[in-house]
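# this one's structure only:
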């Protein structure tokens with residue numbers, strides 16, 4: 001298995017006729033993602049790489065059948081309306097790629113999604129990759145690098161950093177460790193599925209035998225994941241690295257979701273929580289890969 005996406009999920013792209021939407025649609029389609037339609041108001045009747053374009057999500061659903069996932073490439077001020085449209089139509093998973101989505105808009109999307117039983121990744125995310133099956137968003141950049149850097153396997157990857165999502169997976173591949181699914185939860189302070197939510201998906205996934213976490217200072221996501229590991233249990237090893245050790249109070253690190261205020265969200269508090277939960281916390285980024293291989297060997301994974 002994989003989590004969240006595979007080659008059978010039916011996907012639409014909202015904002016497909018924009019420059020970014022077209023470029024990333026090319027990546028997703030060439031990789032093997034089942035994109036059934038695109039949506040751009042006023043563009044019905046056009047097509048992008050052979051994919052039909054409709055004016056609304058409802059039109060796409062009526063003409064192409066049920067839709068599992070929407071990948072959103074809409075300008076940030078319009079993301080809320082686009083997301084709510086997809087959710088109201090019945091789409092159960094959204095990938096909100098744009099950054100600079102207003103904070104209150106993200107909060108409204110989250111409340112709306114809860115009411116309709118939907119989930120979303122992002123905003124400000126590279127997306128999701130299930131190697132050898134499908135990609136949502138822009139992970140990998142181009143299809144050649146996506147196929148070279150990410151390989152099918154049994155390591156689930158959760159990251160709060162876009163760049164380090166790809167770097168972590170690339171070095172896992174170089175170490176001979178393929179990935180089940182790779183998830184960039186997004187760099188904003190308010191996101192849909194948080195690290196703990198993705199952890200729970202990996203914990204029940206048959207393909208995933210180890211979970212790698214790339215964490216950062218700021219927010220309480222790593223502490224939440226640690227609490228989930230400790231209270232809910234997990235038979236799979238969790239290997240974690242937390243960036244930002246040298247950051248001081250008030251320092252913004254990388255993006256909006258990584259800012260330290262006092263001890264809240266600090267490197268120290270995250271490492272302490274993860275260690276106390278039984279996660280294998282490494283001091284240096286490059287130690288992730290040897291530790292993951294060691295953990296798999298110890299658990300008898302082949």
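Received the coordinates, thanks. This is a predicted model, so every value here is computed, not measured. Residues are numbered from 1 along each chain as shown.
# Domain ranges for the chain, per the record?
Domain ranges of the chain: 1-125, 151-302, per automatic domain parsing.
# ok, of the ones you listed, where does mean pLDDT dip lowest?
Note on the domains of the chain: lowest mean pLDDT is at domain 151-302, with a mean of 90.
# Of all the domains of the chain, which one is nearest residue 143?
domain 1-125 (4.2 Å; CB to CB). To be clear about C-beta, it is placed using only N, CA and C from the backbone, and glycine gets the same treatment.
# centre of the chain versus that closest one, how much separation?
Here the centre of domain 1-125 is set off from its chain's centre by 14 Å, with CA atoms, centre = their mean, to the nearest Å.
# ok, which stretches of the chain are strands?
10-14, 34-39, 47-48, 51-54, 69-72, 93-96, 119-121, 127-130, 134-137, 152-159, 179-184, 210-216, 238-243, 280-281 (DSSP state E).
# what's the longest one packed up against?
In this structure, strand 152-159 packs against helix 162-174, strand 179-184, helix 195-203, strand 210-216, helix 287-299, with contacts taken as 3 or more CB pairs under 8 Å, 6 or more residues apart in numbering; DSSP states H and E.
# go on, the fourth one?
Counting contacts by 3+ CB pairs under 8 Å, 6+ apart, strand 51-54 is packed against strand 34-39, helix 57-64.
# rewinding a little: now tabulate the helices and strands packed on strand 152-159 in JSON lines and tack on distance to residue 8 and mean neighbour count.
JSON lines is the format used below for the helices and strands packed on strand 152-159 (distance: least, CB to CB, whole Å; neighbours: other CB atoms under 10 Å):
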{"stretch": "helix 162-174", "distance to residue 8": "22", "mean neighbour count": "20"}
{"stretch": "strand 179-184", "distance to residue 8": "14", "mean neighbour count": "28"}
{"stretch": "helix 195-203", "distance to residue 8": "17", "mean neighbour count": "22"}
{"stretch": "strand 210-216", "distance to residue 8": "23", "mean neighbour count": "27"}
{"stretch": "helix 287-299", "distance to residue 8": "27", "mean neighbour count": "17"}
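# how about TSV for those, with distance to residue 53 added?
Shown next, in TSV, are the helices and strands packed on strand 152-159 (distance: least, CB to CB, whole Å):
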stretch	distance to residue 53
helix 162-174	28
strand 179-184	27
helix 195-203	31
strand 210-216	36
helix 287-299	42
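# right, and the ones you listed - which one's nearest residue 118?
Taking CB to CB, helix 195-203 is the member of the helices and strands packed on strand 152-159 nearest to residue 118, at 12.8 Å.
# related to what we said a few turns ago, I'd like to know which of the helices and strands packed on strand 51-54 lies nearest to residue 74.
Taking these one by one with CB to CB, strand 34-39 is closest: 9.4 Å.
# what's the burial count for the residue lying closest to residue 21 once chain neighbours are set aside?
Distances taken as CB to CB, 6 or more residues apart in numbering place residue 73 nearest to residue 21, at 3.8 Å, with adjacent residues excluded. Counted by other CB atoms under 10 Å, the residues lying close to residue 73 total 27.
# which ones are touching residue 73?
Counting by CB atoms under 8 Å, 6 or more residues apart in numbering, residue 73 touches 13-16, 18, 20-21, 24, 97-98.
# Wait, residue 116 touches residue 86, no?
No: with contact defined as CB atoms under 8 Å, residue 116 does not count as touching residue 86 (9.8 Å).
# Give me the more crowded residue out of the two.
Each of residue 116 and residue 86 has its neighbours counted (other CB under 10 Å); residue 86 has more, 30 against 14.
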